[in-house]
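Peer 1: Here's my sequence, what's the structure:
(2 chains)
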2 protein chains.
Amino acid sequence: MTLPDVAATELADPLAEAAPTMELLLRELDRRWPREAERLHRISRYALLPAGKLLRPLLLMESAEAVGGGGPAVVPAALSVEYLHVGSLVHDDVIDGDTMRRGRPSVVARYGTTDAIVTGDALMLGMFGVLTDGAEDTGPLTEDAGGPLTDDAGGLLTDDAGGLPPGRVLGAVRVFARAGVDLCRGQAMEGELRGDLGCGLDRYLTMSALKTGALFRAACRGGAILGGGSPAQQHALTSYAEHLGLAFQMHDDLLPYTSDSRTTGKSALSDIAAARPTFPLLLCHAMAGAPARARLEAALGGALPAADALRTVRELLETTGALTAARDRATAQADRAKSCLEPLPRSRATAVLAAVADLSVSRDR
Amino acid sequence: MTLPDVAATELADPLAEAAPTMELLLRELDRRWPREAERLHRISRYALLPAGKLLRPLLLMESAEAVGGGGPAVVPAALSVEYLHVGSLVHDDVIDGDTMRRGRPSVVARYGTTDAIVTGDALMLGMFGVLTDGAEDTGPLTEDAGGPLTDDAGGLLTDDAGGLPPGRVLGAVRVFARAGVDLCRGQAMEGELRGDLGCGLDRYLTMSALKTGALFRAACRGGAILGGGSPAQQHALTSYAEHLGLAFQMHDDLLPYTSDSRTTGKSALSDIAAARPTFPLLLCHAMAGAPARARLEAALGGALPAADALRTVRELLETTGALTAARDRATAQADRAKSCLEPLPRSRATAVLAAVADLSVSRDR
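Peer 2: Residues are numbered from 1 along each chain as shown, chains lettered A, B, ... in the order given. Here you go, the predicted model:
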């Protein structure tokens, strides 16, 4: 994780302050997904480890702490948001036919379509079981451990003792389920928008809020609920997450034009080839005069050789001012995210959350 | 639904007694999935309606009532087990490339792979939101209805007022999540067993318990928990579900050999062509002498033309006695399921559950 400029926060290096949380999450992931488990769990381990940035679990842990909760009791919930995220990535790669993920073969490339669909399903479904692990004893529920149904259930179905009130955990279940459905709605909408540069910024922002924003929102709002935050605190962290999600997606869309593809792991050509209406392209389309707009549409319509199309798009992003405007708007969203934290008591956790907002628009991958 | 022989039960026609429950479920499904909703929900409606047998929701409703709960408060939970079931069927059809489901084009055939994967995901994830609808107010959770995330959330995310204690609902979340993961484990295992007639009955039974039994178990156990059943009652209904699941799967495997494919909607050749080690084939393999076993393996190994292979298999199922043995064992499982109901107070609900067990081995599709 690249360190951001953290001048706006109180701590010298707030993300370094997040290191113990990250270590706890990584240790728990490794412990819950043993290498010797049955096939489905070995594939799940492959999808989960080595871990990505663990940004969403970190957001959940810090949001819970920001309202006075947090710690080991919310670790199952933090991991569960990662399971949802990774499960959806596994399915994304099936849908897009992507063969690489985090620098190595994707699950679908390595294990095939059947195992990729089933593993994604298991991660998405199992996360709700993991989430309930944080709850205190919920009364007269026998465990019925006998029979084949409960053997080797792996990292999805541990039975840690937790101490959270059932009402809070149920609130998190509701938030995560809604986030999962929103994520799917965003994916369906993304498919509809493909190739439609005229779809407009509004629909793009709605799609981003659903597809990218949903899990940020679930992480922060879920953390606030589990940590026992007041309605006002839940609202503050939810708003923070929504602006963070937009900043993150806007910056992500910029990376192909501002960063080296060897760093991002993402070809600058892929968005153009897929005719994906990303944020800078939509801004460019809206800001360009008629001749420039016609050139942009030609470049994205497959009329030019790939290298020429990319050169044209880069040039138009500069000359229309769309690149600068996109950067400015991403930064404005990150700033709004930080301002949403103001009602919360200042703490190590809010400093980390502010630093994550800065990082969301300064990272190079 | 074909009416079974219900001599073993107290009521003249226990399944007719279930008619009001079925009507309630169908009415709720239709209400929750309006035709004019956004794309993802229209596809979900296509997957859900016209409804199948609604066997799993019925089991949940009757299990809850059998322990003194039930009624409108458990309808969201009953529908959610159907969403999980249908979501997994939608993915199954993607995996198997099946173009027909319930007598019309499958979701993947009609809408394509992307929409089928995303719709299955949305059904599986959304079910947990629906499940929480049955809970009584869970404390200071703001709803934050603003923003694009909550518009038109459709049948997956209603906010009915419910009156169930959060601890019970959380218990059901846990049971459903485990069932979902078990279902995935069964699907992965089914893939591993394909073509392996020597896999043995034990592995077949484990696979069936996971793939088919998991949702029966979730429905009955979930109903018992939500209805406020004692640990002994939860245990009785869980055992009932496990035997019912086995009876159901064993009978399902027999249908291609005992029923007309125009009735079952399932070609007698498909199991043979896919070299699927189904229950009668495994019994036949175990019961046959060496020459008959060699003929069976040849027929299933693709060595014969399809019609000859089917004729050979049918003959061997008769001469080895495997067909009769398979029928007997399915009936024995149904009888064991009924005997598990004995500790429960006799009621309309237990009569319906007993009738479902009879139906599981007498239906012709």
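
Peer 1: Show the subsequent helix or strand relative to the lowest-mean-pLDDT helix or strand in chain A.
Peer 2: Least confident helix or strand, chain A: helix A:261-264 with a mean of 58, by mean pLDDT, DSSP states H and E. Downstream of helix A:261-264, the first helix or strand assigned by DSSP states H and E is helix A:268-273.

Peer 1: Now that following helix - C-alpha only, CSV.
Peer 2: Extracted in CSV, the C-alpha atoms of helix A:268-273 (Å, rounded to 0.1, in the frame of the first residue of the first chain):
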residue,chain,number,x,y,z
ALA,A,268,-5.0,1.3,-21.0
LEU,A,269,-6.6,-0.3,-24.0
SER,A,270,-9.0,-2.5,-22.1
ASP,A,271,-11.6,0.2,-21.3
ILE,A,272,-11.4,1.5,-24.8
ALA,A,273,-11.7,-1.9,-26.4
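
Peer 1: so where is chain A shaky, pLDDT-wise?
Peer 2: Applying pLDDT under 70 to chain A flags residues A:1-12, A:137-162, A:260-268.

Peer 1: what ranges do the strands span in it?
Peer 2: For chain A, the strands defined by DSSP state E occupy A:100-101, A:104-105.

Peer 1: looking at these, which is closest to A:Gly69?
Peer 2: strand A:100-101 (32.7 Å; Cβ to Cβ). C-beta here means a position set from N, CA and C on the backbone, and glycine is covered the same way.

Peer 1: residues in contact with that closest one?
Peer 2: Strand A:100-101 is contacted by residues A:Leu89, A:Asp93, A:Ser106, A:Val107, A:Ala109, A:Gly265 when judged by Cβ atoms under 8 Å, 6 or more residues apart in numbering or on different chains.

Peer 1: how close does the closest residue to the fifth one other than its chain neighbours sit to A:Gly112?
Peer 2: Counting by Cβ to Cβ, 6 or more residues apart in numbering or on different chains, A:Thr99 is the residue found nearest to A:Ala109 once chain neighbours are left out, at 4.1 Å. Remark: distance between A:Thr99 and A:Gly112 (Cβ to Cβ, to the nearest Å) = 12 Å.

Peer 1: go on, A:Cys284?
Peer 2: For A:Cys284, the distance to A:Gly112 - Cβ to Cβ - is 39 Å.

Peer 1: So if I had to pick from these two, which one is more boxed in?
Peer 2: For A:Cys284 versus A:Gly112, neighbours defined as other Cβ atoms under 10 Å in any protein chain shown are more numerous around A:Cys284 (25 against 13).

Peer 1: from what I can see that one touches A:Leu317, true?
Peer 2: Yes. Contact criterion Cβ atoms under 8 Å: A:Cys284 and A:Leu317 qualify, at 5.5 Å.

Peer 1: distance of the spatially closest residue to A:Glu28 that is not a sequence neighbour from A:Ala274?
Peer 2: Nearest residue to A:Glu28, sequence neighbours excluded (Cβ to Cβ, 6+ apart): A:Val75, at 5.6 Å. Per Cβ to Cβ, A:Val75 is found 37 Å from A:Ala274.

Peer 1: One more: A:Val90?
Peer 2: Taking Cβ to Cβ, one finds A:Val90 at 19 Å from A:Ala274.

Peer 1: Which one of these two is surrounded by more residues?
Peer 2: Applying other Cβ under 10 Å to A:Val90 and A:Ala274 shows that A:Val90 carries more neighbours, namely 29 against 13.

Peer 1: Tell me how many other residues surround the residue nearest to A:Ala109.
Peer 2: If we define neighbours as other Cβ under 10 Å, then A:Thr99 has 12 of them.

Peer 1: next one: phi and psi at it?
Peer 2: phi -100, psi -10 (degrees, to the nearest 10).

Peer 1: was I right about A:Asp133 contacting A:Leu79?
Peer 2: No. Using Cβ under 8 Å, A:Asp133 is not in contact with A:Leu79; the gap is 9.2 Å.

Peer 1: out of those two, which sits in the more crowded spot?
Peer 2: For A:Asp133 and A:Leu79, the more surrounded residue by other Cβ under 10 Å is A:Leu79, and the numbers stand at 27 against 21.

Peer 1: Spit out the contact partners of that one.
Peer 2: A:Leu25, A:Glu28, A:Leu29, A:Arg32, A:Pro57, A:Val130.

Peer 1: one step back: for the residue nearest to A:Glu28, give me its contacts.
Peer 2: A:Leu24, A:Leu25, A:Glu28, A:Met61, A:Gly134.

Peer 1: For the closest residue to A:Ala232 other than its chain neighbours, which residues are in contact?
Peer 2: Leaving aside its sequence neighbours, A:Ala232 sits nearest to A:Pro343 (Cβ to Cβ, 6+ apart; 6.3 Å). Contact analysis of A:Pro343 by Cβ under 8 Å, 6+ apart lists A:Ala232, A:Gln233, A:Ala236.

Peer 1: Just put the residues you listed in JSON lines and tack on neighbour count.
Peer 2: Formatted as JSON lines, these follow (neighbours: other Cβ atoms under 10 Å in any protein chain shown):
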{"residue": "A:Ala232", "neighbour count": "13"}
{"residue": "A:Gln233", "neighbour count": "22"}
{"residue": "A:Ala236", "neighbour count": "24"}
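
Peer 1: quick one: which of these is nearest to B:Leu323?
Peer 2: Closest approach to B:Leu323 among the contacts of A:Pro343 (Cβ to Cβ): A:Gln233, at 65.4 Å.

Peer 1: Go ahead and confirm that closest one touches A:Gly69.
Peer 2: No. With contact defined as Cβ under 8 Å, A:Gln233 does not count as touching A:Gly69 (10.2 Å).

Peer 1: Endpoints of stretch A:97-117, how far apart?
Peer 2: 13 Å (Cα to Cα, to the nearest Å).

Peer 1: Go through it and flag the buried ones.
Peer 2: A:Arg101, A:Ser106, A:Val107, A:Val108, A:Ala109, A:Tyr111, A:Thr114, A:Asp115, A:Ala116, A:Ile117 (16 or more other Cβ atoms under 10 Å in any protein chain shown).

Peer 1: wait, the second one sits on A:Asp96?
Peer 2: No. Under the contact definition of Cβ under 8 Å, A:Ser106 does not touch A:Asp96, with a separation of 9.4 Å.

Peer 1: Just the helices from the stretch 101-250 of chain A, written as ranges.
Peer 2: Assigned by DSSP state H, counting those that start in this stretch, the stretch 101-250 of chain A shows helices spanning A:107-111, A:113-132, A:166-193, A:200-211, A:213-226, A:231-258.
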